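next comes the sequence, and after it the predicted model I'd like to discuss.
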Number of protein chains: 2
Amino acid sequence: MTAYSQYQPLDLADVPHWDFETDVVIIGFGATGACAAIEAREAGAQVMLFERSSGSGGASALSGGEIYIGGGTDAQIAAGFTDTVEDFTAYLKLAGGPCVDDAKCEAYGQGALAHYQWLKDQGVPYRGNFLPGKLIEPTDDSTLIWSGSEAAAPFYKNAKPAPRGHVIQHMGWGGGRPLVDVLEARARALGTEIHVDARAVALITHKSHIAGAVIRIDNQDRFVRARKGVVLATGGFVFNDAMRRKYCPESFRVNSPIGDKDDGIGIELGVSVGGDAIHMDQFFTTCPWTMPETHAYGVFVNIQGQRFINEDCYHGRVSRCAVDQPGGKVYLLLDLDNFQQPPDFAGISIAATGETWEEVEAELEMPAGTLAATMALYNAHAREGRDPLFDKQLPILKSLDKSPFVALELNFETSYFSFFTLGGLKTTAQAHVLNRSGNAIAGLYAAGRCTSGLPAWGHGYSSGLSLADCTFFGRQAGRSAAAG
Amino acid sequence: MTAYSQYQPLDLADVPHWDFETDVVIIGFGATGACAAIEAREAGAQVMLFERSSGSGGASALSGGEIYIGGGTDAQIAAGFTDTVEDFTAYLKLAGGPCVDDAKCEAYGQGALAHYQWLKDQGVPYRGNFLPGKLIEPTDDSTLIWSGSEAAAPFYKNAKPAPRGHVIQHMGWGGGRPLVDVLEARARALGTEIHVDARAVALITHKSHIAGAVIRIDNQDRFVRARKGVVLATGGFVFNDAMRRKYCPESFRVNSPIGDKDDGIGIELGVSVGGDAIHMDQFFTTCPWTMPETHAYGVFVNIQGQRFINEDCYHGRVSRCAVDQPGGKVYLLLDLDNFQQPPDFAGISIAATGETWEEVEAELEMPAGTLAATMALYNAHAREGRDPLFDKQLPILKSLDKSPFVALELNFETSYFSFFTLGGLKTTAQAHVLNRSGNAIAGLYAAGRCTSGLPAWGHGYSSGLSLADCTFFGRQAGRSAAAG
């Protein structure tokens, strides 16, 4: 076992030779690493990018390619929405909840419109139109969808709602791959030197500076000198069970990690040189319960037959609150007008049906006067156009009257609750990695899910927040590193 | 600014001189540090203990002096309870929830009876009797009380209940101070060299070993050599707002930190040499809502008028679940038979009264059919001796029928929700501090609330778990350090 195994940094004095020398070393080739490379090259730095997989992508390529952008984009304006930097920034802060990083919200709030233009300038195509509805990703090649809890309580009270999920022009789901393809092409065209099948195992330190990295290629350690800086862009730790057990044990309630080898290496490398890992208990999760779209009109109850959330929130916020409920499952209640068979991949099953809510309640073996009473109260209020308990808003607020009725079971173990981690290195809005005293570690930068960023709080997630964070702060990391 | 400020370790080569030399250095003089000192001295080591305050105590001295002990103690047997190591250990594991450290639960499960004898051998007096009831601390000088959720769901289903809160013989509340006094006297009698007004600011490292500590005394740095080891016994981080913001932001929902200068220094020192800080998001909180004791018969509802917990759980578990509820407050519902004026210090106010639950509901401005329906259902079930929603058990399960009725408000900001942090260094059951790869850091030991230990999970806390952890693993730390 070598001295720099287990993420221990290697002192410059112990580097036997340099295999590579460059200005900026970037570790990880998802959207974050690609954006960092583009900016570092644009700033004139020599850039080497190391990726442990055999090609680009990371978790970014598994996403919908949706980026959370507001403040008045062309697509927002064309669709008749007025959004402002103030409302957009206010929403970002609300979405961060108790974990919010105000400086990042303000930087992105101010910078998002220019960032959108920058994405277009790199070659990311946007059709420019708005697709209404309660969608997880666009079903066609539209640009703009509602992708968060903007119009739902408590968010709408403190920030004027607007749709902000901006998606690459791409037919159907899965815009993440083509988005990364565009960014990769641009990074290559600008002269980034890319090494794949190349796994980072340690940082190299010189006094209190980061001077490079040890990269394992063909099972041999290669010593890479970074004259200006190292950028960590390696993603979260959803595939590292030991880390999850120590820092995020609640995530074991759900079952389907999303990512590409996200084993927390960037977090470990950052911490190995004094970096501060924060909000490590936070995770995003969602179960695709709004498919088909009519299911968005459903009502959720826990095993006590109680509602627990305004169901017009973003599907991930509803799912995250569901996972807080006791008993390992929740029920989505629907009537004939809104029920359709859920897609197989969701693992959502029919737990009970009935001509009345009392029958559904009995079939679920709930005590009389629980679920049925909840639905009687909900329906009575919905007919009056109000939800005094949870402030669910029209038009999603709708009474469920047409029998037969159904209770779908969302089971945390057997339904498809995808998830990824949100905690990571504490960084500035300029992507400097901070130590535990709040001081920047010279020569070390990070962005994306190996940091705690815009999507800091699982209960406040909105689609596109993570890619916004990856692309915007990935760019800052590239620029900051190039500036040395 | 010196090189070892901000918790950066000082290399042995940079130590200008030694002010003190000893075998074992202990930092912190609560119950943990005292127990470590006793064991290290008993093992023949020379011991110096450094305490930043002007005397012993720490958070231990602010406690009730209650230690969670099971497996069949004299007091348990005398009161007719049969407890086994298996049931006791099973309860400890349930109490740890998703954060559980199985090895520590097993070590303490096996070792608790001998530990109880050891405490007596040090001079801790126990009257040996059981005081029944739902108490926060004994109101007289009794030894044994129910101090957890043993008899409540879901715990009773998986571990046979027994009372396990063992309290030093001491009239009334506040047994923590006399408990520490006994341990301090013993540590002094054994020849521990004690320095007060002496604050640790850095560890001293020699290669991968911990070789000592820098201690600030009279505003000067003193260099202390530890030939065998350093024990961190400094408590949690409840008084460090910056740490709470980064690692435990949910704790800002509540308002009354308990501790004595608990600023997380031990955690920072441990992490500065590669230690792993885990479960940093966990905190204990409680509001004294079972005072007077008849209030234990109350029913809790959130602002939606829903119950959210079986109220027969430990007051701290109920309080912690309360703090998860939306809206910043919950209500404790009582009838004439059970209501008495709460103590002023609790900050619990009367929010509504009524001749019927409907009147209470209306006075709280809750929609008709919420709180009143909850109480109608609860009362109907309670009269049948069952609680199918939350499995609250007899005899606490009791219908609330006698008007007038009252709703007490427990407000997270204005009521007395005391709290302290539970996350900290990851250590073995022998109190070795582990690095992030799971390997022991040579010469470094820790116990108590600067570690994640028996009370790992806020929702599973029981009174006496923290002092059990402090005293038992404090002893392990002293023994391990003395063994070098």
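Received, thanks. Residues are numbered from 1 along each chain as shown, chains lettered A, B, ... in the order given.

drop to CA atoms for contacts and neighbour counts, all remaining ones
Noted.

how about the residues of chain A by chain B?
A:6, A:98-99, A:245-250, A:272, A:274, A:278-281, A:304, A:306, A:367, A:369, A:377, A:388-390, A:437 (CA under 8 Å from any CA of the partner chain).

for the nearest residue to A:Thr370 once chain neighbours are set aside, give me its contacts.
Using CA to CA, 6 or more residues apart in numbering or on different chains and skipping the chain neighbours, the partner closest in space to A:Thr370 is A:Gly305 (5.2 Å). For A:Gly305, the contact set (CA atoms under 8 Å, 6 or more residues apart in numbering or on different chains) comprises A:Met366, A:Thr370, A:Leu371, A:Ala372, A:Thr374.

all helices for chain A, in order.
Applying DSSP state H to chain A gives helices spanning A:31-42, A:74-78, A:85-96, A:102-122, A:155-158, A:176-189, A:241-247, A:265-272, A:315-323, A:357-363, A:371-383, A:465-483.

comparing those, which comes out most buried?
Comparing these by mean neighbour count (mean count of other CA atoms under 10 Å in any protein chain shown), helix A:31-42 ranks first with a mean of 31.

residues contacting the spatially closest residue to A:Glu42 that is not a sequence neighbour?
Of all residues not flanking A:Glu42 in the chain, A:Leu190 sits nearest, at 7.5 Å (CA to CA, 6+ apart). With contact taken as CA under 8 Å, 6+ apart, A:Leu190 is in contact with A:Ile38, A:Arg41, A:Glu42.

tabulate the residues you listed (CSV), appending distance to A:Ser147 and pLDDT.
Formatted as CSV, the contacts of A:Leu190 follow (distance: CA to CA, whole Å; pLDDT from 0 to 100):
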residue, distance to A:Ser147, pLDDT
A:Ile38, 27, 98
A:Arg41, 32, 98
A:Glu42, 32, 98
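
Serialize these to CSV and add fields for distance to B:Phe419.
Below are the contacts of A:Leu190 laid out as CSV (distance: CA to CA, whole Å):
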residue, distance to B:Phe419
A:Ile38, 48
A:Arg41, 50
A:Glu42, 51
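
what's the neighbour count on the residue nearest to A:Gly174 when sequence neighbours are not counted?
The shortest distance from A:Gly174 to any non-neighbouring residue, by CA to CA, 6+ apart, is to A:Gly64 (4.6 Å). If you count neighbours by other CA atoms under 10 Å in any protein chain shown, A:Gly64 ends up with 24.

thought A:Gly64 was touching A:Val167?
Yes: the criterion here is CA atoms under 8 Å, and A:Gly64 meets it with A:Val167 at 7.5 Å.

mind listing what's buried along the strand with the most length in chain A?
In chain A, assigned by DSSP state E, the strand with the most residues is strand A:220-232. Applying a neighbour-count criterion of 16 or more other CA atoms under 10 Å in any protein chain shown, one finds A:Asp221, A:Arg222, A:Phe223, A:Val224, A:Arg225, A:Ala226, A:Arg227, A:Lys228, A:Gly229, A:Val230, A:Val231, A:Leu232 buried in strand A:220-232.

what pairs with it, parallel or antiparallel?
The strands beside strand A:220-232 in its sheet (DSSP bridges) come out as strand A:20-27 (parallel), strand A:209-217 (antiparallel), strand A:440-446 (parallel).

show me how far that strand is from its chain's centre.
When C-alpha coordinates are averaged (CA atoms, centre = their mean, to the nearest Å), strand A:220-232 and its chain have centres 28 Å apart.

for it, give the mean pLDDT please.
The average pLDDT within strand A:220-232 is 98.

and of the contacts of A:Leu190, the nearest to B:Asp469?
Nearest to B:Asp469, judged by CA to CA, of the contacts of A:Leu190 is A:Ile38 at 52.3 Å.

name the nearest residue to the closest one, sequence neighbours excluded.
Nearest residue to A:Ile38, sequence neighbours excluded (CA to CA, 6+ apart): A:Ala187, at 4.9 Å.

low-confidence ranges, chain A, go.
Applying pLDDT under 70 to chain A flags the ranges A:1-5.

can you list the domains in it?
Under the assignment automatic domain parsing, the domains of chain A span A:1-285+A:420-484, A:288-411.

JSON lines for those, including distance to B:Val330?
Listed next are the domains of chain A as JSON lines, based on distance: least, CA to CA, whole Å:
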{"stretch": "domain A:1-285+A:420-484", "distance to B:Val330": "19"}
{"stretch": "domain A:288-411", "distance to B:Val330": "14"}
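
distance of the residue of the stretch 1-150 of chain A found nearest chain B relative to A:His279?
Proximity of the stretch 1-150 of chain A to chain B (CA to the nearest CA) peaks at A:Pro98, 5.6 Å away. Using CA to CA, to the nearest Å, one obtains 10 Å as the distance from A:Pro98 to A:His279.

A:Val124 now?
Distance, A:Val124 to A:His279, using CA to CA: 32 Å.

of these two, who's got more company?
More crowded of A:Val124 and A:His279, by other CA under 10 Å: A:His279, with 29 against 19.

give the contact list for A:Ala78.
Contacts of A:Ala78 (CA under 8 Å, 6+ apart): A:Gly128, A:Asn129.

just the C-alphas of stretch A:49-62, formatted as CSV.
Output in CSV follows, covering the C-alpha atoms of stretch A:49-62 (Å, rounded to 0.1, in the frame of the first residue of the first chain):
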residue,chain,number,x,y,z
LEU,A,49,-9.3,16.2,-17.9
PHE,A,50,-9.2,12.8,-16.3
GLU,A,51,-12.3,10.6,-16.3
ARG,A,52,-12.5,7.1,-14.6
SER,A,53,-15.1,5.8,-17.1
SER,A,54,-14.4,5.1,-20.7
GLY,A,55,-16.1,8.3,-21.8
SER,A,56,-17.9,11.4,-20.8
GLY,A,57,-21.3,11.5,-19.1
GLY,A,58,-21.4,10.9,-15.4
ALA,A,59,-24.8,11.4,-13.7
SER,A,60,-25.4,14.4,-16.0
ALA,A,61,-25.8,12.1,-19.0
LEU,A,62,-28.4,10.1,-17.1
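
contacts made by that stretch with the rest, please.
A:25-31, A:33, A:37, A:174-180, A:184, A:192-200, A:215, A:235, A:258-262, A:467.

do the same with stretch A:275-283
With CA under 8 Å, 6+ apart as the criterion, stretch A:275-283 contacts A:99, A:247-251, A:267, A:270-271, A:419-426, A:433-436, A:441, A:451-452, A:456-458, B:246-248, B:279, B:281.

what's the first-to-last distance across that stretch?
Stretch A:275-283: ends 20 Å apart by CA to CA.

and what of stretch A:126-135?
End-to-end for stretch A:126-135, by CA to CA: 18 Å.

just stretch A:242-253 next, same as before
End-to-end distance of stretch A:242-253: 15 Å, with CA to CA as the criterion.

and it, how far from the chain's centre?
The answer for stretch A:242-253 is 18 Å, by CA atoms, centre = their mean.
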